[in-house]
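> what would the 3D arrangement of this be:
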Amino acid sequence: MNITALVLTAGKSSRMGKDKLSMPLYTADSAPVSEPVPTIGGKVLSTVLTNPQIQHVVTVTAPYSSLEWQQEIQAWTDQYPSKMQPVICEQAHLGMSYSIRCGMKQVRLSQADAVLILLGDQPLITSTMLTELITIYQYQPDVDYIASADHEGIKPPVILPAHMWTYLEQLQGDQGARKVFMNPDFYSNIVKYPDHFFWDADTPEALAQIQHYIRSAT
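Predicted structure coming up:
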């Protein structure tokens, strides 16, 4: 099956106070291994781009995305020219639904059977987690969506087969795909994971929590 990942990276980072995606995930002296320190967004892109079950990766940025993040997107595109397709969403400031619709235009061009939607600020998402969700989809191709969840409920990453894309493209404002997941008529498979998988680096405090977890897990 052909899976395209849609990575949403067009947020304004208003709670962080500066572009969070191009920030180092940890400092060099606290790195868990002796290798280059990834950025927050770079860690997410590395996870999806190196997963062999994902055929294409579409990234959505905004005109106001930082120069550093735009340069990193270009560097990843140069490294994976046949797999990576960056998209700039001119209306990203109007809400997440606009970023999703911009990205879905490119997803449709990829001839994918399903789209895997992720957020660019969740660096603890793992390739193993994505592979598990994709494998479940391969055994349940008629499902309306497969989603991950923590104790609070459904959160990205989520997989939506092609027959569900029209619902994504009808979303409005900043609601994201939540409206789709709240519809009781859809058949879903929801896979629960520990909360830390979904920690996002929205604030300095949230990033510090992620960094502490990375240090303690090694």
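> so residue 97 is in which element?
Residue 97 is located in helix 96-109, with elements delineated by DSSP states H and E.
> for that helix, buried residues please.
By neighbour count on 16 or more other C-beta atoms under 10 Å, the buried set for helix 96-109 is 96-104, 106-107. In short, each C-beta sits where N, CA and C put it, glycine included.
> that helix packs against which elements?
Other elements packing on helix 96-109 under the criterion 3 or more C-beta pairs under 8 Å, 6 or more residues apart in numbering; DSSP states H and E are strand 3-8, strand 56-61, strand 84-88, strand 114-119, helix 165-169.
> distance of residue 117 relative to residue 168?
In this structure, residue 117 and residue 168 are 8 Å apart, going by C-beta to C-beta, to the nearest Å.
> ah, wrong one, I meant residue 119
15 Å.
> ok, those two, which is more surrounded?
residue 168 (22 against 19; other C-beta atoms under 10 Å).
> so what's that one up against?
If a contact means C-beta atoms under 8 Å, 6 or more residues apart in numbering, then residue 168 has 100-101, 104, 115, 160, 177, 180 as its contacts.
> with pLDDT and distance to residue 49 added, can I get those residues in CSV?
Rendered in CSV, the data for those read as follows (pLDDT from 0 to 100; distance: C-beta to C-beta, whole Å):
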residue, pLDDT, distance to residue 49
100, 93, 20
101, 93, 23
104, 95, 19
115, 97, 16
160, 97, 20
177, 81, 22
180, 89, 26
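> so can I have TSV of those residues showing distance to residue 72?
Formatted as TSV, the entries for these read as follows, by distance: C-beta to C-beta, whole Å:
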residue	distance to residue 72
100	22
101	24
104	23
115	23
160	27
177	25
180	30
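> name the nearest of these relative to residue 145.
residue 160 (4.8 Å; C-beta to C-beta).
> next, work out how far apart that closest one and residue 113 are.
11 Å.
> which one of those two has more residues nearby?
Neighbour tally, residue 160 and residue 113, criterion other C-beta under 10 Å: the higher count belongs to residue 160, 27 against 17.
> need the pLDDT of the most centrally placed residue in the chain.
Most central residue of the chain, judged by C-alpha distance to the mean C-alpha position with C-alpha atoms, centre = their mean, is residue 118 at 2.0 Å. Model confidence at residue 118, expressed as pLDDT, equals 95.
> go on, residue 98?
Per the predicted model, pLDDT is 92 at residue 98.
> same question for residue 12.
At residue 12, the pLDDT recorded in the model is 66.
> the longest strand along the chain pairs with which strands?
What stands out as the longest strand in the chain, according to DSSP state E, is strand 153-161. Strand 153-161 sits in its sheet next to strand 114-119 (antiparallel), strand 145-150 (antiparallel), going by DSSP bridges.
> and the ones you listed as JSON lines, adding distance to residue 45?
What follows is the strands paired with strand 153-161, written out as JSON lines (distance: least, C-beta to C-beta, whole Å):
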{"stretch": "strand 114-119", "distance to residue 45": "10"}
{"stretch": "strand 145-150", "distance to residue 45": "18"}
